[in-house]
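1. the sequence and its predicted three-dimensional model are supplied below.
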Amino acid sequence: YLGGTIDADMDVSEAWNIATGTGIKVAIIDTGVDLNHPDLQSNLLPGYDATGEGSNGNQTGNAHGTACAGIVASVGNNNIGTVGIAYNAKIIPVKVFPTTGNPTDNMIANGINWAWQNGADILSNSYGGGSYSSTIANAITNAVYNGRNGKGSIVLFSSGNDNGSVSFPATVTNAIAVGASSMCDQRKYPNSCDGEYWWGSNYGTGLDLVAPGVKIYTTDISGSTGYNSGDYRSDFNGTSSACPNAAGVAALILSANPNLTQQDARIILES
């Protein structure tokens, strides 16, 4: 892929012979999702706006959540755009980022709690930074221990893009911290083979796994209001893209065996 190392991918096409995400619900906890995107619409479930803006999980001009959603479960129609890692899974859009400014700890915690309480098997969170918050950490623990009728929801967080130590909330023990790899099967760092010298994936203590995070094809907000003038983006990057890649694989795991506990599924994913 783009001159990288042979077999530095996730072997997703082989996995589709076993599971495609059927029956699994993945919450994209982010800036909202384009509810009218033609490559997402049929896989979207009712969402939630934890910011109080009343969007029901719709995007309000920030394409980040739409890009994350497409990685997990853009429709497997082979006719347009991209195909998600778990293309038969369903997306629950949860908006925790207000249209302007940053989310509060309560917005994030409310989004996490709403997600697992409303059926999310997996919670994908492509954000981080800032100081420790017990409010957010407790919400993560609630999801991991109480989600899926007691089997536990899988909660993943991006490790961060500072080429340094893992960022909160990925540092929470009950969360799965996801870093980014390059197409050369390296940790993404400023001098890795991809040429994106301006960032590196956070690593070290607390990192649980890495997934592809460079030049990822995915959905964009329909029309000209997203990252570019089209409906898709070819170069979504960062641990923001690695996290939904890992969440999509987690959806394949649970689709293959829905009876797995969170801990059992996590062990399989991390192995």
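-> Received it, and whenever you're ready, just let me know what you need.
2. so after the top helix by length along the chain, what's the next helix or strand?
-> If you go by DSSP state H, the chain has its longest helix at helix 239-256. Reading on from helix 239-256 to the C-terminus, the next helix or strand found by DSSP states H and E is helix 262-270.
3. hmm, who's touching that following helix?
-> Residues outside helix 262-270 that contact it (Cβ atoms under 8 Å, 6 or more residues apart in numbering): 144, 147-148, 151-154, 176, 208-209, 246, 249-250, 253-254, 260. Where you see a C-beta, it was placed from the backbone N, CA and C, and this is true even at glycine.
4. let me know the closest of those residues to Asp34.
-> Ala246 (22.1 Å; Cβ to Cβ).
5. surely that closest one touches Val178?
-> Yes - at 4.6 Å, Ala246 counts as touching Val178 under the criterion of Cβ atoms under 8 Å.
6. what sits in contact with each of these two?
-> Counting by Cβ under 8 Å, 6+ apart, the shared contacts of Ala246 and Val178 are Leu156, Leu209, Ala211.
7. pretty sure the first one contacts Tyr127?
-> No - Leu156 is beyond contact range of Tyr127, at 11.5 Å (criterion: Cβ under 8 Å).
8. between those two, which one's more packed in?
-> More crowded of Leu156 and Tyr127, by other Cβ atoms under 10 Å: Leu156, with 28 against 25.
9. hang on, the earlier thing: by how many degrees do the longest helix of the chain and helix 262-270 diverge?
-> Per axes from the mean of the first three to the mean of the last three Cα atoms, to 10 degrees, the angle that helix 239-256 makes with helix 262-270 is 120 degrees.
10. return the distance of helix 239-256 from the chain's centre.
-> 7 Å (Cα atoms, centre = their mean, to the nearest Å).
11. rounded mean pLDDT for that helix, please.
-> On average, the pLDDT along helix 239-256 is 98.
12. can I get it in CSV, CA atoms only?
-> Below are the C-alpha coordinates for helix 239-256, written out as CSV (Å, rounded to 0.1, in the frame of the first residue of the first chain):
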residue,chain,number,x,y,z
THR,A,239,-4.6,8.0,16.1
SER,A,240,-8.1,9.4,15.3
SER,A,241,-8.1,7.0,12.3
ALA,A,242,-6.3,4.2,14.1
CYS,A,243,-9.0,4.0,16.8
PRO,A,244,-12.0,3.3,14.5
ASN,A,245,-9.8,0.8,12.6
ALA,A,246,-9.4,-1.1,15.8
ALA,A,247,-13.0,-0.6,16.8
GLY,A,248,-14.0,-2.1,13.4
VAL,A,249,-11.9,-5.2,14.2
ALA,A,250,-13.5,-5.4,17.6
ALA,A,251,-16.9,-5.4,15.9
LEU,A,252,-15.8,-8.3,13.7
ILE,A,253,-14.7,-10.2,16.8
LEU,A,254,-18.0,-9.7,18.6
SER,A,255,-19.9,-10.5,15.4
ALA,A,256,-18.2,-13.8,15.2
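13. quick one, phi psi at Gly179?
-> Main-chain torsions, Gly179, degrees, to the nearest 10: phi -100, psi 180.
14. ok, it touching Tyr189?
-> No - if you go by Cβ under 8 Å, Gly179 and Tyr189 don't touch, sitting 10.2 Å apart.
15. just want to know which of the two has more residues nearby.
-> When Gly179 and Tyr189 are compared for neighbours, Gly179 comes out ahead with 27 against 16, by other Cβ under 10 Å.
16. please list all residues in contact with the closest residue to Arg148 other than its chain neighbours.
-> Leaving aside its sequence neighbours, Arg148 sits nearest to Asp121 (Cβ to Cβ, 6 or more residues apart in numbering; 5.7 Å). By Cβ under 8 Å, 6+ apart, the contact set of Asp121 is Ile24, Lys25, Val26, Gly147, Arg148, Ser153, Ile154, Ala251, Leu254.
17. among those, which one sits closest to Tyr203?
-> For the contacts of Asp121, with Tyr203 as the reference and Cβ to Cβ as the criterion, the closest is Ile154, at 21.2 Å.
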